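In: Predicted model and sequence follow; I will ask about them next.
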Amino acid sequence: MIFAVLQPFTVDVSSTTPLSFSRGKIINGTTSFVITEGYANAFTTLPSAPPLFGQTVSTSIRLTPFPEIPAGLSVTFPATISASSGASLNTSSGADETVPRDDGSTNVVYEFLAALGSGTQVESFTMTATLTGSSSQTGVIDFQAALVPIGIAVPSADFPSTDIPRYWERLVPDSSLLPGLSGSVQLAFPFRIQSDATYTGIALTNPLSSIINVTFTPYDTAGNTLANPKTLTIPANGQISKLATDPGLFGPNFNLTSSGTIVAVGNTPVLPGFYLLGDISPGSRLDGATADMTTVSNWVWPTVFHQAPAPFTTFELFNPSASTAHVTLKLFDASGTQVLLPVALSIPPSGSVTQSIQQLFPSLILSSLSGGYVTGQSDTPVVARETFGNAFDSNVLPGQAAQTLTTFFWPHFASGAGYTTELTFINLDATPNVLANLTITLLDTNGNQIAQTALSLPQLGGQAIRTIGSLFPALDASKLTTGYVRIDVNPTYVGPFQFTPPVAGSLRFSAADGSGSAALPLATPALSDFVYSHVAESAVYYTGISMLNTNATAVSVSVEVFTATGTSVGTAALTLQPGQRVAQLLHELIPATAGQSGGWIHIVSDQPILSFSLFASYNGLSLGAIPPQNIGS
């Protein structure tokens with residue numbers, strides 16, 4: 001008669017940080033966990049008198065790392081682990097074990113050696129493991145622990161028992177069903193009040209080989225929660241894309257009374273995400289940005305939009321800190337002269353401000369400005385974005401810090417045949433009589449020069465707004481010219497000292513009538529391991545990718561697309577020569593993506609490259625440019 005069923009051992013991971021790695025670096029190289037007998041004499045050493053439960057060999061514990069240890073990494077276990085009683089667990093070899101071995105095996109078996117009194121006390125063993133090496137992947141290594149022998153029909157060298165099994169081995173879930181790496185990432189998604197007739201689309205990517213949980217909390221402009229937090233699970237190598245008003249998120253009654261910010265917190269060290277804001281009706285204006293929680297204390301919004309019909313410029317601020325942020329905004333015209341008095345704002349913790357330029361500066365007559373921009377300063381770092389456009393389309397740009405780089409690149413321009421590309425530059429140097437002298441070069445897909453010109457930015461905050469067509473009038477306006485742009489900021493002198501003036505700016509490309517426009521900041525980082533968090537390849541929308549190699553040597557690039565559930569759709573391998581650019585629709589790179597809606601794009605290169613992605617409608621009315629999001633080291 002069976003009178004009790006007891007667990008043979010327990011594992012305590014309450015103080016454990018798992019072995020983890022990310023894109024060439026070891027994040028956590030040492031871990032430990034405690035294995036404890038489930039009851040006295042659960043572990044036995046043979047021979048014993050009499051043998052317990054038909055067991056014919058000593059108790060052993062088998063540790064198996066999973067998922068598979070990536071190439072370039074190895075895990076080492078110590079030869080002996082001792083309990084306070086004097087009992088020990090010893091590797092089968094009697095030496096430290098490093099896996100994977102040459103034959104690919106990763107099991108490590110410890111054999112129990114009892115001490116006097118082992119049979120009357122519960123013993124505990126602190127297992128340790130050390131991770132070494134390097135891998136281009138990101139992930140975590142867990143362990144499966146099994147008590148053996150289990151009794152098997154066909155004996156093996158490791159487990160020779162064919163007696164009645166003392167224990168039944170149960171497989172733990174696959175690593176893809178276990179939570180991802182420890183850590184935390186926060187993202188900020190702005191949303192508008194429903195009466196603005198806009199929708200908020202949210203996309204997040206999980207590039208890890210295990211699931212992650214993400215909790216969404218919406219805050220109104222005062223920093224109060226608008227709804228209960230919602231936790232969603234993203235599959236391994238998967239993605240979620242939802243409208244904020246979807247039943248699976250906050251439902252159709254969300255944001256009825258206030259705009260604000262949705263904060264997403266993921267239990268992971270890496271969580272790319274972006275958002276799209278679009279018109280519910282007529283559905284033409286569409287743009288978005290990455291949702292990372294990058295904060296700034298001093299910044300510039302480079303655009304005050306003027307182009308009819310119904311031009312608008314809206315500024316968004318979110319305060320992620322625990323203290324009130326005190327913000328000062330200043331409006332300047334294209335000459336760098338301050339217009340009107342500064343505006344002071346107080347933003348509570350988790351609060352936000354979303355106001356148009358006319359709300360912030362009520363006495364402003366927009367037609368009195370030629371160009372224009374706004375600077376911001378905050379005593380507490382804030383997330384800053386601007387949205388601008390007209391009745392046709394909208395654009396999103398982050399608040400930019402001054403850049404003192406000598407060279408900038410934009411990976412794409414289009415001019416002529418109904419398309420225009422507009423360049424905006426601002427000289428942010430505060431030294432009198434110092435011009436920012438730029439050399440602007442157009443290059444074709446293979447890096448050959450198309451045309452070159454010079455442009456000087458006025459001193460003390462002067463702004464220049466030029467189209468490619470106006471800078472290069474020799475280009476045939478009836479023909480489409482595409483390629484990429486290089487901007488060199490020429491050194492200048494103050495007395496005997498040479499320096500590079502700080503600048504800010506943006507690029508905006510659109511149809512000539514202003515519809516379908518999209519904007520990018522002056523500087524985007526060159527990356528070697530990055531993602532785009534959404535795929536839209538349908539009869540209505542397309543996804544395009546531009547990639548530029550600014551290195552002196554050729555670059556190997558791999559593009560892989562995944563479904564929302566984490567299945568690989570296909571890959572493309574490219575070699576970009578020095579100065580070469582590729583700009584293609586996603587289904588041209590990977591034909592299997594045709595018709596795909598949802599999922600994400602993973603791009604890896606052996607040297608950093610510049611890139612951005614476009615989401616657009618085939619009718620030309622909607623266009624959004626999304627910068628890449630880094631997931632590498």
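Out: Great, that's in hand. Numbers count the residues shown, from 1 in each chain.

In: ranges for the strands of the stretch 351-500 of the chain?
Out: Using DSSP state E, counting those that start in this stretch, the strands of the stretch 351-500 of the chain run over residues 352-356, 373-389, 394-398, 407-415, 419-427, 436-443, 449-457, 463-467, 481-489, 492-494, 497-499.

In: want to throw those strands into JSON lines with distance to V148 and mean neighbour count?
Out: In short, each C-beta sits where N, CA and C put it, glycine included. Shown next, in JSON lines, are the strands of the stretch 351-500 of the chain (distance: least, CB to CB, whole Å; neighbours: other CB atoms under 10 Å):
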{"stretch": "strand 352-356", "distance to V148": "57", "mean neighbour count": "20"}
{"stretch": "strand 373-389", "distance to V148": "53", "mean neighbour count": "22"}
{"stretch": "strand 394-398", "distance to V148": "56", "mean neighbour count": "25"}
{"stretch": "strand 407-415", "distance to V148": "57", "mean neighbour count": "21"}
{"stretch": "strand 419-427", "distance to V148": "67", "mean neighbour count": "24"}
{"stretch": "strand 436-443", "distance to V148": "64", "mean neighbour count": "19"}
{"stretch": "strand 449-457", "distance to V148": "69", "mean neighbour count": "15"}
{"stretch": "strand 463-467", "distance to V148": "73", "mean neighbour count": "19"}
{"stretch": "strand 481-489", "distance to V148": "61", "mean neighbour count": "21"}
{"stretch": "strand 492-494", "distance to V148": "74", "mean neighbour count": "13"}
{"stretch": "strand 497-499", "distance to V148": "70", "mean neighbour count": "10"}
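
In: need the least confident one among these, by mean pLDDT.
Out: When these are compared by mean pLDDT, strand 492-494 comes last with a mean of 79.

In: ok now stretch 344-353, how far from the chain's centre?
Out: Here stretch 344-353 is found 26 Å from its chain centre; the criterion is CA atoms, centre = their mean, to the nearest Å.

In: what sits up against that stretch?
Out: With CB atoms under 8 Å, 6 or more residues apart in numbering as the test, stretch 344-353 has contacts from 190, 219-224, 259-261, 263, 315-329, 382.

In: and it, how far apart are its ends?
Out: 12 Å (CA to CA, to the nearest Å).

In: again with stretch 8-15
Out: End-to-end distance for stretch 8-15: 21 Å, by CA to CA.

In: Could I get the full set of helices for the chain?
Out: Using DSSP state H, the helices assigned to the chain run over residues 357-360, 468-471, 586-589.

In: Can I get the buried ones among the contacts of stretch 344-353 as something I can paste into PyMOL?
Out: Here is the PyMOL command that selects the buried residues among these (16 or more other CB atoms under 10 Å):
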select buried, resi 190+219+220+221+223+259+260+261+263+315+316+317+318+319+320+325+327+329+382
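
In: Bridged to the residue lying closest to N267 once chain neighbours are set aside, which residues?
Out: Using CB to CB, 6 or more residues apart in numbering and skipping the chain neighbours, the partner closest in space to N267 is N213 (5.3 Å). In this entry, N213 is beta-bridged to T233, by DSSP bridges.

In: which ones are touching N213?
Out: P179, T231, L232, T233, I234, G266, N267.

In: Can you pull the poorly scored residue ranges out of the stretch 151-300 of the chain?
Out: Along the stretch 151-300 of the chain, the parts satisfying pLDDT under 70 run over 151-155, 157-183, 280-286.

In: can you put the helices of the chain in a markdown table and add mean pLDDT?
Out: Formatted as a markdown table, the helices of the chain follow (pLDDT from 0 to 100):
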| stretch | mean pLDDT |
| --- | --- |
| helix 357-360 | 96 |
| helix 468-471 | 96 |
| helix 586-589 | 96 |
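
In: would CSV of those helices with distance to Y275 be doable?
Out: Output for the helices of the chain, formatted as CSV (distance: least, CB to CB, whole Å):
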stretch, distance to Y275
helix 357-360, 22
helix 468-471, 29
helix 586-589, 20
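
In: out of the ones you listed, which comes closest to F562?
Out: helix 586-589 (12.3 Å; CB to CB).

In: Which strands and helices lie in contact with the closest one?
Out: strand 541-548 (3 or more CB pairs under 8 Å, 6 or more residues apart in numbering; DSSP states H and E).

In: Could you find the closest non-adjacent residue to the residue nearest the centre of the chain?
Out: For the chain, the residue nearest the mean C-alpha position is P272 (2.3 Å; CA atoms, centre = their mean). In space, and not counting its chain neighbours, P272 is closest to Q629: 3.8 Å by CB to CB, 6+ apart.

In: For that neighbour, list the residues it contacts.
Out: Contacts for Q629 (CB under 8 Å, 6+ apart) come out as T205, P272, G273, F274, T290, D292, F530, V531, Y532, S533.

In: surely S370 meets F332?
Out: No: when contacts are counted by CB atoms under 8 Å, S370 is not listed as touching F332 (11.3 Å).

In: Looking at the two, which is more packed in?
Out: Neighbour tally, S370 and F332, criterion other CB atoms under 10 Å: the higher count belongs to F332, 23 against 12.

In: mean confidence for stretch 562-574?
Out: For stretch 562-574, the per-residue pLDDT averages 94.

In: That stretch spans what distance, first to last residue?
Out: Start-to-end span of stretch 562-574 (CA to CA) is 18 Å.

In: and it, which residues are buried?
Out: Of all the residues in stretch 562-574, those buried under the rule 16+ other CB under 10 Å are F562, T563, A564, G566, V569, A572, L574.

In: Relative to V535, how far out is the fifth one?
Out: So that's V569. Distance, V569 to V535, by CB to CB, to the nearest Å: 8 Å.

In: Kindly report the same for A308.
Out: Distance from A308 to V535, by CB to CB: 34 Å.

In: And S88, by the same measure?
Out: Distance from S88 to V535, by CB to CB: 54 Å.

In: which one of those two has more residues nearby?
Out: Remark: of S88 and V535, V535 carries more neighbours, 28 against 18, as counted by other CB under 10 Å.

In: now the more buried one, nearest residue through space, not along the chain?
Out: G599 (4.3 Å).

In: just checking, the one you found touches S533?
Out: No: with contact defined as CB under 8 Å, G599 does not reach S533; the gap is 9.3 Å.

In: What pLDDT is listed against the nearest residue to A71 once chain neighbours are set aside?
Out: Distance criterion CB to CB, 6+ apart; nearest residue to A71, sequence neighbours excluded, is S135 at 6.8 Å. S135 carries a pLDDT value of 80.

In: I'd say S135 and S74 touch.
Out: No: with contact defined as CB under 8 Å, S135 does not count as touching S74 (10.3 Å).

In: Next, show the common contact partners of those two.
Out: Counting by CB under 8 Å, 6+ apart, S135 and S74 have no shared contacts at all.

In: Now do the end-to-end distance for stretch 190-198.
Out: End-to-end distance of stretch 190-198 (CA to CA): 12 Å.

In: Show me what counts as buried in it.
Out: Those would be P190, F191, R192, I193, Q194, T198, for stretch 190-198 by 16+ other CB under 10 Å.

In: Let's have these in JSON lines, adding distance to L610.
Out: Shown next, in JSON lines, are the buried residues of stretch 190-198 (distance: CB to CB, whole Å):
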{"residue": "P190", "distance to L610": "26"}
{"residue": "F191", "distance to L610": "30"}
{"residue": "R192", "distance to L610": "31"}
{"residue": "I193", "distance to L610": "36"}
{"residue": "Q194", "distance to L610": "38"}
{"residue": "T198", "distance to L610": "30"}
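
In: surely G133 meets T98?
Out: No: when contacts are counted by CB under 8 Å, G133 is not listed as touching T98 (10.3 Å).
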